[in-house]
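Undergrad: coords below, sequence missing:
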């Protein structure tokens, strides 16, 4: 296979872009379930699957979350919001690090899946901001051990972006980290 | 589009499985670069792109890392190992949480990309285990601010696994967290 053909095979990755503008229009229950099936196909440390998902469609809840997340304003006009949380009691060895890694892989799967089925999506940072965590706890009634990691805004894309990567060769080192004073 | 057709569109996600057995055979430079292009197409908090990659082909280095990671034995027979690190000085607000989230999204992209081009791959946990971090620092000459998050073993798949998801409806809550004593 040529390298170009292989790159084309990966367009599902390069075509995923953060969509921050939505057109009005619904995202169905079946589509949301499909995204969650994709989320829970992610790898998880020791297969503990600590991820938990709150799926929000009520407009006042979406607006309340939008108001509590800087750069999250588009959530107010999103068809659906998903808040991805991790259960610290379930994460491997009760480690926050594993919780974050597992939830992040699941989030990336949701974003890629949304893009692949023609939806727009954007990752909205929550953890580790204490004020955002506290506000989401309040809005969503999250118990102490349920840690909100991020929000995802979902809707019909209202902007188009080209496929891309931010690949930088300088971020890649062969065999070991280059020693100071050396060019790798 | 029918839901089945949409689910088929997402087979790139469901077909990704942890491959822990490799056949002998090379993984080319062009393929590794393609995986790294996929990695750096992941979203990153404030686009800080704190991810860094050490690509290992030397057999003695692969064997040394394999010996230092429980369940990482297959790295000794992998064509290539990638250690994904985060630069704490570059991560948004120097937060370990963002570093872990960004690197985990990049790792998931590598795993999905490897699966899509017919390679086998497995995520090998490093962070937050202090002894694994220390050993990788030593083997790869990693500076203090470069935090190894995980290893990835890559090779020609020596086992076949079916597509799947570990979806559980019980992990999904509509609108808010269910109150104690209530069934959501």
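TA: Here it is on my side, so go on. What you see is a predicted model; the values in this text were computed from it and never measured.
Undergrad: I figured residue A:77 hits residue A:155, correct?
TA: Yes. Counting by C-beta atoms under 8 Å, residue A:77 does reach residue A:155; the two are 7.1 Å apart. For every residue, glycine as well, the C-beta is placed using N, CA and C.
Undergrad: tell me the residues that contact both of the two, please.
TA: residue A:22 (C-beta atoms under 8 Å, 6 or more residues apart in numbering or on different chains).
Undergrad: which one's more surrounded, the two?
TA: Ranked by neighbour count (other C-beta atoms under 10 Å in any protein chain shown), residue A:77 and residue A:155 place residue A:155 first, with 25 against 17.
Undergrad: tell me who's in contact with the residue nearest to that one when sequence neighbours are not counted.
TA: Among residues not flanking residue A:155 along the chain, residue A:22 sits closest, at 3.3 Å (C-beta to C-beta, 6 or more residues apart in numbering or on different chains). Residue A:22 makes contacts with A:74, A:77, A:78, A:79, A:120, A:153, A:155, A:156, A:157, A:158, as judged by C-beta under 8 Å, 6+ apart.
Undergrad: same check, this time on residue A:165
TA: Applying C-beta under 8 Å, 6+ apart, the residues near residue A:165 are A:14, B:37, B:38, B:40, B:41.
Undergrad: all strands of chain A, in order?
TA: A:22-23, A:51-56, A:80-87, A:120-125, A:146-157, A:172-174 (DSSP state E).
Undergrad: in JSON lines: those strands, plus mean pLDDT and distance to residue B:10.
TA: Formatted as JSON lines, the strands of chain A follow (pLDDT from 0 to 100; distance: least, C-beta to C-beta, whole Å):
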{"stretch": "strand A:22-23", "mean pLDDT": "98", "distance to residue B:10": "21"}
{"stretch": "strand A:51-56", "mean pLDDT": "98", "distance to residue B:10": "17"}
{"stretch": "strand A:80-87", "mean pLDDT": "98", "distance to residue B:10": "16"}
{"stretch": "strand A:120-125", "mean pLDDT": "98", "distance to residue B:10": "14"}
{"stretch": "strand A:146-157", "mean pLDDT": "98", "distance to residue B:10": "15"}
{"stretch": "strand A:172-174", "mean pLDDT": "98", "distance to residue B:10": "29"}
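Undergrad: returning to that earlier point: farthest pair within the contacts of residue A:165?
TA: Among the contacts of residue A:165, the pair separated by the greatest distance (C-beta to C-beta) is A:14 and B:40, at 10.2 Å.
Undergrad: tell me the contacts of residue A:164?
TA: Contacts of residue A:164 by C-beta under 8 Å, 6+ apart are A:14, A:17, B:41.
Undergrad: between these, which is nearest residue A:139?
TA: residue A:17 (27.6 Å).
Undergrad: measure the closest one to chain B for me?
TA: Distance, residue A:17 to chain B, using C-beta to the nearest C-beta, to the nearest Å: 9 Å.
Undergrad: what's around that residue, how many residues?
TA: Residues near residue A:17, counting by other C-beta under 10 Å: 20.
Undergrad: tell me who's in contact with it.
TA: Counting by C-beta under 8 Å, 6+ apart, residue A:17 has contacts A:115, A:161, A:162, A:163, A:164.
Undergrad: roughly how far does the first one sit from residue A:156?
TA: Looking back up the chat, that one is residue A:115. Between residue A:115 and residue A:156 the computed distance is 13 Å (C-beta to C-beta, to the nearest Å).
Undergrad: neighbour count winner among those two?
TA: Legend: neighbour count by other C-beta under 10 Å for residue A:115 and residue A:156, higher for residue A:115 (21 against 17).
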